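Q: Pasting a predicted model and its sequence here:
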Amino acid sequence: MTPAPGLLVAAPRSGSGKTTVTLALMRALRRRGVALRGAKCGPDYIDPAFHEAATGAPSLNLDSFAMSDALLDACAGLAARDAALVVAEGSMGLHDGIVAGEGRTGANADIAARYGWPVLLVLDVSGAAQSAAAVALGCAAYDPRIRIAGVILNKVASPRHRRLVEAGLSRVGLPVLGAFPREAGLVLPERHLGLVQAGETADLHARLDRLADLAETSLDLDAILAVAGGHSSTATGGLPNPPAQRIAVARDAAFSFLYPHMMAGWRAAGAEIVPFSPLADEAPAEDCGACWLPGGYPELHAGTLAQATAFRDGLRRFAEGRPVHGECGGYMVLGESLEDADGVTHPMLGLLPVATSYRRRKLHLGYRVARLVADGLLGAAGTRLVGHEFHYASELTPAPEAGLALAQVTDAEGTPLGLAGHRLGRVTGSFFHLIADRSAP
């Protein structure tokens, strides 16, 4: 099988319009009948669901810091399965990442370099004209491993504004492959963790169709297809192993943030994923060997979860004999209580000695490198895991003691962060979303 070519949609900084451009391009190319697949650089778990809505196919994360080479190539292979083109969306700025060895920084540029994908650079040109070319030139010259194939302008104020910006870009030899006008109606709804989830955006497909209409009139789709290049991967090994052969996974509006490559790995190993909805007061299936509570927005549904007696009783019964793990939102629900943004405290499952609050907001953001303190669902003691933390919740209870902690944790650059997460009996949980087991080199 010939690996599919690709494109990386990136920008000099966050907030430039990458997601808008990516979704518009995806939807427009799908209309043309292109066998398109999406990917997301870095640990973002919201955008891939929007990609899936736009393309009709799952979107995978590609993370050069958190993932081993084998896992990274396996995810790229999944992203390209049955595809004629992969469109990857960057995160933050094109070159933004951690201080690490070349190719391991987590930056978008690592992915473009590894797979030879040309870059479509999205420039927010509001408040700039020819100077936008200097920014684009800097992005192109900073890393010789990558090639910027063209520029897409965003927030163009007028035809004259576009001519001035294009004059600067012509001077540095970068073609303009399209331009979006300054139109606030194109913005997708947001909340504290970024975009509202795809499943919560009631008019999502109408919005995507409007974006596709805009792409057809504002982007040179033929030129964009022509500059696609590089290759994906045909690798299949390296995906995560399942924690059991039948896994009960909470899945509804409160629990939705589980990395696609995790479930893909479980399924590839022959495991069955059995979904259940805590919001519908469903308990995990009794014939499953493990239960997983993903992250999400349980703080928006805390009252409903507190009254879901069948869910609470069933999960407590499940935990008496089988392992249960919760990450981020799932971790909070496994705790003793959750205080919502209005200051109302709701009782949770009480399976872990932690209380959390969304009234006392504090941003926690970044990669987490964890060494497990004891054997458990996630691996044996000493297993090195890499994940990502992104939430605003505060813990109201003291930091865990060694006998109750899940792991010793550092940030991406090795700065110690102490003990994190909890384990009690067969139940474990932490605020970081697991991306990979990096015990092996």
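A: Everything's here; your move. Numbering: from 1, shown residues only.

Q: you'd agree residue 258 is up against residue 240?
A: No. Using Cβ atoms under 8 Å, residue 258 is not in contact with residue 240, being 11.1 Å away. C-beta: built from backbone N, CA, C; applies to glycine.

Q: Which stretches in the stretch 151-300 of the chain count as strands?
A: 176-181, 190-191, 194-195, 246-250, 272-276, 290-293 (DSSP state E, counting those that start in this stretch).

Q: Number of residues surrounding residue 263?
A: Other residues near residue 263 come to 20 when the count uses other Cβ atoms under 10 Å.

Q: Repeat that for residue 286.
A: 11.

Q: any idea how far it is from residue 266?
A: 19 Å (Cβ to Cβ, to the nearest Å).

Q: just residue 435 next, same as before
A: As defined by Cβ to Cβ, residue 435 lies at a distance of 14 Å from residue 266.

Q: go on, residue 284?
A: According to Cβ to Cβ, residue 284 and residue 266 sit 15 Å apart.

Q: thought residue 274 was touching residue 244?
A: No. Counting by Cβ under 8 Å, residue 274 stays clear of residue 244, with 10.2 Å between them.

Q: Report the set of residues contacting both of those two.
A: Jointly contacting residue 274 and residue 244 under the rule Cβ atoms under 8 Å, 6 or more residues apart in numbering are residue 288.

Q: Helices along the protein, start to end?
A: Here the chain has its helices, by DSSP state H, at 18-31, 47-55, 69-79, 108-115, 131-142, 159-171, 204-218, 221-227, 260-268, 302-306, 309-319, 329-334.

Q: Mind putting those into a markdown table with mean pLDDT and distance to residue 398?
A: Output for those, formatted as a markdown table (pLDDT from 0 to 100; distance: least, Cβ to Cβ, whole Å):
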| stretch | mean pLDDT | distance to residue 398 |
| --- | --- | --- |
| helix 18-31 | 96 | 39 |
| helix 47-55 | 93 | 35 |
| helix 69-79 | 94 | 35 |
| helix 108-115 | 98 | 38 |
| helix 131-142 | 98 | 44 |
| helix 159-171 | 98 | 54 |
| helix 204-218 | 94 | 42 |
| helix 221-227 | 98 | 54 |
| helix 260-268 | 95 | 30 |
| helix 302-306 | 98 | 22 |
| helix 309-319 | 98 | 23 |
| helix 329-334 | 98 | 16 |
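
Q: out of the ones you listed, nearest to residue 279?
A: helix 302-306 (5.6 Å; Cβ to Cβ).

Q: just how off-centre is that closest one within its chain?
A: Here the centre of helix 302-306 is set off from its chain's centre by 26 Å, with Cα atoms, centre = their mean, to the nearest Å.

Q: and what of stretch 295-312?
A: 23 Å.

Q: for stretch 46-60, same thing?
A: 11 Å.

Q: And stretch 352-359, by the same measure?
A: 24 Å.

Q: What of stretch 260-268?
A: 15 Å.

Q: Which parts of it count as buried, going by neighbours?
A: Of all the residues in stretch 260-268, those buried under the rule 16 or more other Cβ atoms under 10 Å are 260-266, 268.

Q: Same check on stretch 237-250?
A: Neighbour-count burial for stretch 237-250 [16+ other Cβ under 10 Å]: 238-240, 242-244, 247-250.

Q: For residue 433, list the residues it contacts.
A: 43, 45, 257, 259, 294-295, 327-328, 387-390.

Q: I'd like these as TSV, with neighbour count and pLDDT appended.
A: Shown next, in TSV, are the contacts of residue 433 (neighbours: other Cβ atoms under 10 Å; pLDDT from 0 to 100):
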residue	neighbour count	pLDDT
43	23	95
45	25	85
257	19	92
259	26	95
294	24	97
295	25	95
327	28	97
328	29	96
387	23	97
388	25	96
389	22	95
390	20	91
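
Q: Closest one of these to residue 169?
A: Using Cβ to Cβ, the contacts of residue 433 come closest to residue 169 at residue 43, 31.6 Å.

Q: Which strand residues bridge the spatially closest residue to that closest one that is not a sequence neighbour?
A: Leaving out its chain neighbours, the residue that sits closest to residue 43 by Cβ to Cβ, 6 or more residues apart in numbering is residue 388, at 3.7 Å. Legend: beta-bridge partners of residue 388 under DSSP bridges are residue 367, residue 433.

Q: okay but residue 388 is in contact with residue 67, surely?
A: No. Using Cβ under 8 Å, residue 388 is not in contact with residue 67; the gap is 11.5 Å.

Q: rewinding a little: deepest in the core, which of the strands of the stretch 151-300 of the chain is it.
A: strand 290-293 (a mean of 27; mean count of other Cβ atoms under 10 Å).

Q: residues in contact with that one?
A: Residues contacting strand 290-293 (Cβ under 8 Å, 6+ apart): 243-244, 246-250, 255, 258, 278, 284, 315, 318-319, 322-327, 329-331, 333-334, 377, 429.
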